[in-house]
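Visitor: Structure, please.
(2 chains)
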Amino acid sequence: MGLLRYESQVRPPLVDGNKEYHQITEDICRPVESKPTKAWWIGFSISLVFLIFGAVSVTMEVVYGIGQWNLNKTIGWGWDITNFVWWIGIGHAGTLISAILLLFRQGWRTGVNRAAEAMTIFAVMCAGQFPIFHMGRVWDAFFTLPYPNTRGPLWVNFNSPLLWDVFAISTYFTVSLLFWYSGLIPDLATLRDRAKKKWRKLFYGITAFGWTGSTKHWQRHEALALVLAGLSTPLVLSVHTIVSFDFATSVVPGWHTTIFPPYFVAGAIFSGFAMVQTLLVITRKVLSLEQYITIEHIEVMNKVIILTGSIVGIAYLTELFMSWYGANAYEGFAFMENRLNLNSPYGWSYWIMMGCNVLSPQIFWSSKMRRNVTVTFFMSILVNIGMWFERFVIIVTSIYRDYLPSSWSTYYRPTIWEIGFYMGTFGLFFTCYFLFAKYFPVIALAEIKHILKRSGDNYKKKMDKLEGQESEGFAKEHAHDHGA
Amino acid sequence: MAVKKFIVGSFDDEAVLFPAVKEVRKAGYKIHDVFTPFPIHGLDKAMGLRDTSLHTAGFIYGIMGTTTALGFITWALTTDWPLNFGGKPFFSLPAWIPIMFELTVLFSAVGMVLTFCYLCQVAPFVKKDHFNLRSTDDLFIMALGCTAKSNDEEMISFLQSVGAKDVTVEHKETEWWLGRYDKETKIFEKTKTELVA
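Guide: Next up is the predicted model:
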């Protein structure tokens, strides 16, 4: 019992059922080792169709130019940058779960972190497409990099938030990928050592990097995970802060506000958790992992959703208050007329945003709703619609009526190729996620085993007896010595 | 490259493994390594391994990233091609902080992962000898190195007495080689037979 680390009975178990180490391996490897189901093929095919639609849409834009989109003068950023910010926001939950919650020692992260990190990486891949293709001449995209060139060399503008974005997003993608993959290596080794088929031995043999599980290697692995978590924590906050600088450093009414960085970060976590819920509610059901991604996990994430949703709500109200209190005619017009007024051309989008992001998550004050899987799924979709409209509101309602009223008449509607591009990123995202869920363990095997004896259902039950003991006697008997 | 002889004990509970590691070390046997399916906190201390310096390496890489960003931007925007952006000074440090920060994180993360791979000698197509395939599943495998003086029988019974479920004698390659896991790949077939004998 010396090693059975004590955790209060107040905390619900994180692994349900009567599990032992081998059973965990079996449960989590089963979906990877069995043949793809019919549902998987259907889902995968639909995603591929979307991906192809996206590829066609992008081809149209590259071949015929940016005129294939309905962007115009004053609305230079439309669906493309809206989608970019939306996807980047979704890409924040994974690193938040894996890094910040690791530093806060939240045991529940182990059940969801692997899938959430994968989702982060795929979301950032989708996000990256938009600014790249928005450039129009996509073959010149490398101009954003500071490389020695024959034009002087003329360097990129290091003072520009748009360049900061290039660095922030490429760093974020690289670091998330390294964090995710270094965590995957031991689990891939498990799959490799269980493999029966030749191609599995080959594939997992290559991807597991020859991992053996040596104690020294684990020691370094833990150190690596901790430092990468420490690095990713400010990184994840910096990325959306820098995205918000794209807006906040301009002099456009509705963008020019100092509240943007914290407001964007809260919104990113909000939408990211919603997407994690959408995916995990389906994943746990389809792969029958309900004992690892429990109702407790879902409830905790719903608590994060109501917290961040309310932070976002306060940010909206603060913005409104400041536009009134600041008494700047242009700011006042952007907020009171272009957004708040339901009868203005885009007033509807502001109220969809308010309804989905601020009002609807309040349902989660009720623990019954937090623990209801159907409600959670429905809410997660609603939140993501709301967060998409948030970015749409910020971008379009701020710029469709600029300082020159003569250019006000246009009403921005996306073309089929703009919509297709967005649908295409859904295709990319889900194609990647389907492949991930089929060929990689969706739950961090080693980490679940690590918390089993502290937070497993059957182990927590054994602690009932100890709960009754007097505290001094307990402390004396079960002092936390690492076998030194 | 060397094939060595080991006495390999497998344990199915880390609560048994910990005292066993202590007993084995007290008895003076040399632990080659302990293979576990997940990290066990404190096992490195119990085995007498020193702390890793990977953090320090990460710090140094991070500093390299900061100085690279600051040095390069300073040179590009003040010396090589100074450009006037809205009348602001050429050396406008506050605007460079985001990129300095990003490069700090990037250098530190990439550097640490590469260092980790180098120290642990892991990479694609690297193959290593396994003591027990279940060490990545549910067993804790302790390998004791044999020397010319050591007595196999004594070591086997000792391991059993401290709680090992299963004890075997194995001849294993201790280094890595380039190979695939879907087929048997051996290095230096000749060397192997010589050393085993």
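Visitor: For residue A:255, list the residues it contacts.
Guide: A:247, A:248, A:394, A:398 (C-beta atoms under 8 Å, 6 or more residues apart in numbering or on different chains). Heads up, the C-betas are built off the backbone N, CA and C, glycines and all.
Visitor: Quick one: residues contacting the last one.
Guide: When you say that, I think you mean residue A:398. A:252, A:253, A:254, A:255, A:334, A:338.
Visitor: Now render those residues as TSV, adding pLDDT and secondary structure.
Guide: Listed next are the contacts of residue A:398 as TSV, based on pLDDT from 0 to 100; DSSP: H, G, I helix; E, B strand; the rest coil:
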residue	pLDDT	secondary structure
A:252	89	coil
A:253	88	coil
A:254	88	coil
A:255	91	coil
A:334	89	helix
A:338	88	helix
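Visitor: Name the nearest of the residues you listed relative to residue A:211.
Guide: Comparing these against residue A:211 with C-beta to C-beta picks out residue A:255 as the nearest, at 47.7 Å.
Visitor: and after the strand or helix carrying residue B:16, which helix or strand comes next?
Guide: Element membership of residue B:16 [criterion: DSSP states H and E] is helix B:14-26. Following helix B:14-26 in sequence order, the next helix or strand is strand B:31-35 (DSSP H and E).
Visitor: Just checking that following strand against chain A, any contact.
Guide: Yes - remark: strand B:31-35 sits within contact range of chain A at B:33, B:34, B:35, by C-beta under 8 Å from any C-beta of the partner chain.
Visitor: If the last one is in a bridge, with which residues?
Guide: Residue B:35 has these beta-bridge partners by DSSP bridges: residue A:214, residue B:141.
Visitor: tally of neighbours for it?
Guide: By the measure other C-beta atoms under 10 Å in any protein chain shown, the count of residues near residue B:35 is 24.
Visitor: re earlier: out of the contacts of residue A:255, who's nearest chain B?
Guide: residue A:248 (12.6 Å; C-beta to the nearest C-beta).
Visitor: Now do the closest residue to that closest one other than its chain neighbours against chain B, distance only.
Guide: Nearest residue to residue A:248, sequence neighbours excluded (C-beta to C-beta, 6 or more residues apart in numbering or on different chains): residue A:260, at 4.1 Å. Using C-beta to the nearest C-beta, to the nearest Å, residue A:260 is found at 14 Å from chain B.
Visitor: Can you check the pLDDT for residue A:260?
Guide: Note for residue A:260: predicted pLDDT of 93.
Visitor: Ok, residue A:195 next?
Guide: For residue A:195, the predicted pLDDT is 88.
Visitor: That one contacts residue A:204, doesn't it?
Guide: Yes - using C-beta atoms under 8 Å, residue A:195 is in contact with residue A:204, at 5.7 Å.
Visitor: residues bridging contact with these two, i.e. touching both?
Guide: By C-beta under 8 Å, 6+ apart, the residues touching both residue A:195 and residue A:204 are residue B:181.
Visitor: And for residue B:168, the neighbour number?
Guide: Residue B:168: 14 neighbours (other C-beta under 10 Å).
Visitor: Could you pull up the mean pLDDT of the helix or strand that contains it?
Guide: Take DSSP H and E as the rule and residue B:168 turns out to sit in strand B:166-173. Averaging pLDDT along strand B:166-173 yields 86.
Visitor: what pairs with the helix or strand following it, and is each one parallel or antiparallel?
Guide: Following strand B:166-173 in sequence order, the next helix or strand is strand B:177-178 (DSSP H and E). Strands that pair with strand B:177-178, judged by DSSP bridges, come out as strand B:126-127 (antiparallel).
Visitor: ok now the partner strand, how far from the chain's centre?
Guide: Taking C-alpha atoms, centre = their mean, to the nearest Å, the mean C-alpha location of strand B:126-127 is offset from the chain mean by 14 Å.
Visitor: next one: stretch A:66-73
Guide: Averaging C-alpha positions (C-alpha atoms, centre = their mean) puts stretch A:66-73 29 Å from its chain's average.
Visitor: the helices in chain B, which residues?
Guide: Assigned by DSSP state H, chain B shows helices spanning B:14-26, B:43-46, B:54-74, B:93-120, B:152-161, B:189-196.
Visitor: So residue A:108 sits against residue A:300, correct?
Guide: Yes - with contact defined as C-beta under 8 Å, residue A:108 counts as touching residue A:300 (5.5 Å).
Visitor: still on that earlier bit, and residue A:442, which of the helices of chain B is closest to it?
Guide: Shortest distance between residue A:442 and these, using C-beta to C-beta, is found for helix B:93-120: 22.5 Å.
Visitor: Tell me which residue lies nearest the centroid of chain B.
Guide: Ranked by distance to the mean C-alpha position of chain B (C-alpha atoms, centre = their mean), the top residue is residue B:120 at 3.2 Å.
Visitor: Nearest spatial neighbour of that one, chain-adjacent residues omitted?
Guide: Nearest to residue B:120 is residue A:217, by C-beta to C-beta, 6+ apart, at 4.6 Å.
Visitor: which element is the one you found on?
Guide: Counting by DSSP H and E, residue A:217 is part of helix A:215-248.
Visitor: now residue A:133
Guide: helix A:109-134.
Visitor: chain center to whichever helix or strand comes after that helix, what's the gap?
Guide: Per DSSP H and E, helix A:109-134 leads on to helix A:161-194 as the next helix or strand towards the C-terminus. In terms of C-alpha atoms, centre = their mean, the centre of helix A:161-194 is found 13 Å from the chain centre.
Visitor: what do you get for stretch A:339-349?
Guide: For stretch A:339-349, the separation from the chain centroid amounts to 29 Å (computed by C-alpha atoms, centre = their mean).
Visitor: Just the C-alphas of that stretch, formatted as CSV.
Guide: Only the C-alpha atoms of stretch A:339-349 are listed here, as CSV (Å, rounded to 0.1, in the frame of the first residue of the first chain):
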residue,chain,number,x,y,z
ARG,A,339,-23.8,45.7,-34.2
LEU,A,340,-26.4,46.3,-31.5
ASN,A,341,-29.1,47.6,-33.9
LEU,A,342,-31.0,44.5,-35.0
ASN,A,343,-32.3,46.4,-38.1
SER,A,344,-28.9,47.3,-39.4
PRO,A,345,-27.7,45.1,-42.3
TYR,A,346,-25.6,42.8,-40.0
GLY,A,347,-27.4,43.4,-36.7
TRP,A,348,-28.7,39.8,-36.9
SER,A,349,-25.1,38.4,-36.7
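Visitor: So, low pLDDT: which residues of the stretch 1-150 of chain A?
Guide: Judged against pLDDT under 70, the low-scoring parts of the stretch 1-150 of chain A cover residues A:1-9.
Visitor: tally of neighbours for residue A:245?
Guide: Counted by other C-beta under 10 Å, the residues lying close to residue A:245 total 20.
Visitor: which non-adjacent residue is nearest it?
Guide: Once flanking residues are discounted, residue A:245 sits nearest to residue A:161: 4.0 Å by C-beta to C-beta, 6+ apart.
Visitor: okay, now that neighbour: neighbour count?
Guide: Other residues close to residue A:161 by other C-beta under 10 Å number 19.
Visitor: does chain B sit close to stretch A:171-184?
Guide: Yes - against chain B, stretch A:171-184 shows contacts by C-beta under 8 Å from any C-beta at A:171, A:174, A:175, A:178, A:179, A:182.
Visitor: Stretch A:102-116 too?
Guide: No - using C-beta under 8 Å from any C-beta, we find that stretch A:102-116 stays clear of chain B, coming within 10.5 Å at best.
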